[in-house]
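Student: below is the sequence, then the predicted model.
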2 protein chains.
Amino acid sequence: MSDQPHPKRNRPPSMHDVARLAGVSQTTVSFVVNNVTSVAISQETRDRVWAAIHALGWRPNAMARSLRTRHSQTLGLISDEVVTSPYAVRMILGAQEAAWANRQMLLVVNTSGRSDIEQTALQFMLERRVEGLIYATMYHHEVTPPADLKLVSTVLVNCFVADRSLPAIIPDEVQGGYTATEALIRRGHRRIAFINEIIPMPALFGRLEGYRRALADYGLPVDPTLVRSCHSNVRDAFTVTRELLEYTERPTAIFCFNDKMAMGAYDAIKRMGLRIPQDVAVVGFDNLELIAAQLYPPLTTVALPHYEMGRRAVELLQSLPAGESLPPIQHYIPCPLIERASI
Amino acid sequence: MSDQPHPKRNRPPSMHDVARLAGVSQTTVSFVVNNVTSVAISQETRDRVWAAIHALGWRPNAMARSLRTRHSQTLGLISDEVVTSPYAVRMILGAQEAAWANRQMLLVVNTSGRSDIEQTALQFMLERRVEGLIYATMYHHEVTPPADLKLVSTVLVNCFVADRSLPAIIPDEVQGGYTATEALIRRGHRRIAFINEIIPMPALFGRLEGYRRALADYGLPVDPTLVRSCHSNVRDAFTVTRELLEYTERPTAIFCFNDKMAMGAYDAIKRMGLRIPQDVAVVGFDNLELIAAQLYPPLTTVALPHYEMGRRAVELLQSLPAGESLPPIQHYIPCPLIERASI
DNA sequence: AGGAATTACTAATTGGTTTTAACAGTAGCA
DNA sequence: TGCTACTGTTAAAACCAATTAGTAATTCCT
């Protein structure tokens, strides 16, 4: 029966095993490993301990350590569809890299928008005692997250709650719209059309507001006939663009709600024998690499700061002294202009 | 000094707190929570325990449980750039959903191709006693992962080691190339060009092999002048396509190494006044939604089974009885044809 | 010899799981 | 009636792998 006198079963070595091999107590091993300065340990002992550690291939058990120290060193990330989306994933990368910089790990769950998964995911994360939670969505919109979210420090990313009672990190749609419009104005354009999304959402209102403010700031009138709406797809944008270009006094620049619509605008402009950007300049929104960079000419567009939002969310959580709760500030992250060749 | 007689400090309630409130031992609480059948507990006691649990809002501490049971219920995922890539992320989704189905959580680290991060990430995961590890890459290629990978059950995804000593889940490039070519043959095409990648990689050889086999199986000759290579970008593909179409006996179909190149082929075909698919059929590879579905006509292409590969990797890890190691089988996952309108 | 400094250990703690034991009540049986 | 055997119920205690407060044994220095 007693066939293994040395280590028990087939388990990774513990600090205790190291201590036995080095001929010291487990406490000493812990002190050596953690470089504790409050207790003096001779160099000779330290060397012996490290030798034993390497001999056994010991490495700390994070669960035991976390249990004792009450620090799980993990953050949770619950998203609806971010992992699925081709561009919003950079948010996860931003969060993960910021966590990494702090030696924290990221637990990721994608709920596919199902509230039962969302609920369970939250419970799992609470059981794992995450030290902070990011609740993110693919599209910028209002949400009503599960109530238990209040049990842990949470930051919303790309979404917000109606009463603004939770801190949120959201793209500055107004500034984005402003930046796009301003870039066109600075290139000398005076008749700038805006093809907006038609389904109500924060981006729709924000970008329109930015468009208006930019025109106002530069003393240009807002011509209502130049502000159009359609569904966010290539075909509808194509149609609307053609209509815009048939105006007797046609616009010299078009700001599209997103890159897909810019793709439709490109088609229409080329079909009418006009050149980009000489005859009509185009600015998009979203910076979908696969579209924006591949179009001819490459599309100047405004980027959604996904990476930055993920990073900021984690940094916000990390900045929090233990036990305190985050102030429900809504952080607006600027959307940078990505200049290519379409304006 | 003694201002809090009931619970200690400001920490989440423990099983002990529940036991005290319910007037039973901690053991009993554990039995009730885990529905242990080997020990009988009266219904009255169970109710009291559950009442106490709800009153305190207790939930298990996963770290304590994992420590005792030696089951961390977590899997690790180390990738080079998967999180960054617009399409390979579906691999993470597949892995996460499969893990979820087994009540496991996924720890994700993106190394950005840096081996120091890779090394540290692996150590972190070993410290957290992950029950399995997925080592994934964005592009299908050979890798030399850190040696410590052998300390935990590992599955490679979208990559492989030179000596095939680790189980790997990789796309079946040969079948993918075969499928694409076969689809064209079945539509009656006899002169099928293949624009291949020029940088040596498994996909290059595999897809070419599939192309050849399909032609052979249907009794068609392989015309070397129809097999061209160029760098995987729109411009070069455009050039090569134009050259192909200038042949006196021009091909009636083009199989492109990937969707980006198909985009270039589209441009060339349209520029020469030919129609897709009536005059020239096109098949791509990768199924980049943003390109393939947006092109006109929508591109028929072969999809890389990222989701499926992620899922299979996790299922492989889960299928493993404790203590055993996975056989180093190379699993080839089929690449399905996504039919749209370009053939 | 007494006190401080150095060095390392014992034991408590973290929040659970699980084995073993204890105890009360009841039935079986001589 | 008295003893054993069992059953249903709960508790005690060991254990998981670490951290850390408290303490003890040496050595060094006056």
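Tutor: That came through, no problem.
Student: contacts, neighbours, all on C-alpha from now
Tutor: Will do.
Student: ends of stretch A:332-343, what's the gap?
Tutor: By CA to CA, to the nearest Å, the extent of stretch A:332-343 from end to end equals 26 Å.
Student: for the stretch 151-300 of chain A, which segments count as strands?
Tutor: Using DSSP state E, counting those that start in this stretch, the strands of the stretch 151-300 of chain A run over residues A:154-160, A:168-171, A:192-197, A:227-230, A:253-256, A:281-286, A:300-303.
Student: and the third one, average pLDDT?
Tutor: pLDDT averaged over strand A:192-197 equals 98, rounded to a whole number.
Student: now for chain A, the helix or strand with the poorest mean pLDDT.
Tutor: Here the helix or strand of chain A ranked lowest by mean pLDDT, DSSP states H and E is helix A:289-292, holding a mean of 84.
Student: what is it packed up against?
Tutor: helix A:259-271, helix B:289-292 (3 or more CA pairs under 8 Å, 6 or more residues apart in numbering or on different chains; DSSP states H and E).
Student: right, and those helices - which one's nearest residue B:55?
Tutor: Comparison of the helices and strands packed on helix A:289-292 against residue B:55 by CA to CA identifies helix B:289-292 as nearest, at 49.7 Å.
Student: report the distance from that closest one to the chain centre.
Tutor: Centroid separation for helix B:289-292 versus its chain: 19 Å, with CA atoms, centre = their mean, to the nearest Å.
Student: can I get that helix in PDB, CA atoms only?
Tutor: Below are the C-alpha coordinates for helix B:289-292, written out as PDB (Å, rounded to 0.1, in the frame of the first residue of the first chain):
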ATOM      1  CA  GLU B 289     -17.700  38.700 -43.600                       C
ATOM      2  CA  LEU B 290     -16.900  42.400 -44.200                       C
ATOM      3  CA  ILE B 291     -15.400  41.700 -47.500                       C
ATOM      4  CA  ALA B 292     -17.100  38.600 -48.900                       C
END
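Student: and that helix, what's buried?
Tutor: For helix B:289-292, the neighbour count (16 or more other CA atoms under 10 Å in any protein chain shown) marks B:289, B:290, B:291, B:292 as buried.
Student: just stretch A:30-45 next, same as before
Tutor: Those would be A:30, A:31, A:32, A:33, A:45, for stretch A:30-45 by 16+ other CA under 10 Å.
Student: tell me which residues touch the closest residue to the first one other than its chain neighbours, please.
Tutor: Distances taken as CA to CA, 6 or more residues apart in numbering or on different chains put residue A:15 closest to residue A:30, at 7.4 Å, once the chain neighbours are dropped. Going by CA atoms under 8 Å, 6 or more residues apart in numbering or on different chains, residue A:15 touches A:26, A:29, A:30, A:58, A:60.
Student: 10 Å instead?
Tutor: Residues near residue A:15 by CA atoms under 10 Å, 6 or more residues apart in numbering or on different chains: A:21, A:25-30, A:33, A:52-53, A:58-61.
Student: in the stretch 1-150 of chain A, what residue lies closest to chain B?
Tutor: The nearest approach of the stretch 1-150 of chain A to chain B comes at residue A:86, 4.1 Å away (CA to the nearest CA).
Student: is it fair to say that residue lies in a strand?
Tutor: No. According to DSSP: H, G, I helix; E, B strand; the rest coil, residue A:86 belongs to no strand; its state is coil.
Student: which ones are touching it?
Tutor: With CA under 10 Å, 6+ apart, residue A:86 has these contacts: A:138, A:288-290, B:83-90, B:288-290.
Student: same question for residue A:137.
Tutor: By CA under 10 Å, 6+ apart, residue A:137 lies in contact with A:78-83, A:88, A:91, A:110, A:113, A:143, A:156-160.
Student: out of these, which two sit at the greatest distance?
Tutor: For the contacts of residue A:137, the maximum inter-member distance is 19.2 Å, found between A:83 and A:160 (CA to CA).
Student: which one of these two has more residues nearby?
Tutor: More crowded of residue A:83 and residue A:160, by other CA atoms under 10 Å in any protein chain shown: residue A:83, with 30 against 25.
Student: is the more buried one in contact with residue B:90, as I believe?
Tutor: Yes. The pair residue A:83 / residue B:90 is scored as a contact, 7.0 Å apart, by CA atoms under 10 Å.
Student: interface residues of chain A facing DNA strand C?
Tutor: Within chain A, the positions near DNA strand C by CA under 7 Å from any atom of the strand are A:23-28, A:39-45, A:64, A:67-68, A:70.
Student: contacts with DNA strand D among those, please.
Tutor: Within these, those near DNA strand D by CA under 7 Å from any atom of the strand are A:26, A:27, A:64, A:67, A:68.
Student: make JSON lines out of those and add neighbour count and secondary structure.
Tutor: Shown next, in JSON lines, are those (neighbours: other CA atoms under 10 Å in any protein chain shown; DSSP: H, G, I helix; E, B strand; the rest coil):
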{"residue": "A:26", "neighbour count": "17", "secondary structure": "helix"}
{"residue": "A:27", "neighbour count": "12", "secondary structure": "helix"}
{"residue": "A:64", "neighbour count": "18", "secondary structure": "helix"}
{"residue": "A:67", "neighbour count": "18", "secondary structure": "helix"}
{"residue": "A:68", "neighbour count": "12", "secondary structure": "helix"}
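Student: I'd like the residues you listed as a markdown table, with distance to residue B:336 and pLDDT appended.
Tutor: Output for those, formatted as a markdown table (distance: CA to CA, whole Å; pLDDT from 0 to 100):
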| residue | distance to residue B:336 | pLDDT |
| --- | --- | --- |
| A:26 | 56 | 93 |
| A:27 | 58 | 93 |
| A:64 | 45 | 96 |
| A:67 | 47 | 95 |
| A:68 | 50 | 94 |
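Student: re earlier: out of the residues of chain A next to DNA strand C, name the ones that lie in helices.
Tutor: A:26, A:27, A:28, A:43, A:44, A:45, A:64, A:67, A:68 (DSSP state H).
Student: how close does the fifth one get to residue B:67?
Tutor: Distance from residue A:44 to residue B:67, counting by CA to CA: 32 Å.
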